[in-house]
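**Q** below is the structure, and that's it, no one-letter string:
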């Protein structure tokens, strides 16, 4: 739990998955997923703009969009937008940040 400008954040993750394999993984890794939510939250509160690739490389985490969703379900307001290339064309991935 974190006490921040956005209120008290509980780093809970979603409760159920839609298939047996994913549900088993969720139950086995619930503690890790909660820790990952806190790491992601702390990084964004420190001003980082995150992408899936950047989080995979820097924090050795996968599935950033699911952790973002978990944070949003716990009341964290997260900004997101597509990344654009040098010519202004939208790429196929998003960036995430917390607006202060």
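**A** Structure's in. What do you need? These numbers were taken from a predicted model, which means no experiment stands behind them.
**Q** could you list the low-pLDDT ranges of this protein?
**A** For the chain, residues meeting the criterion pLDDT under 70 lie at 1-8, 12, 14-16, 18, 26, 29.
**Q** change it to 90
**A** Counting by pLDDT under 90, the chain has low-confidence residues at 1-34, 62, 70, 73-74, 90-93, 100.
**Q** tell me the centre residue of it?
**A** What sits nearest the mean C-alpha location of the chain, by C-alpha atoms, centre = their mean, is residue 68, with 2.9 Å.
**Q** so that one is in contact with residue 97, correct?
**A** No. At 10.5 Å, residue 68 and residue 97 do not qualify as touching, with contact defined as C-beta atoms under 8 Å. Every residue, glycine included, has its C-beta placed from N, CA and C.
**Q** what touches both of the two?
**A** 78, 80 (C-beta atoms under 8 Å, 6 or more residues apart in numbering).
**Q** max-length helix in the protein?
**A** In the chain, with assignment by DSSP state H, the single longest helix is helix 20-45.
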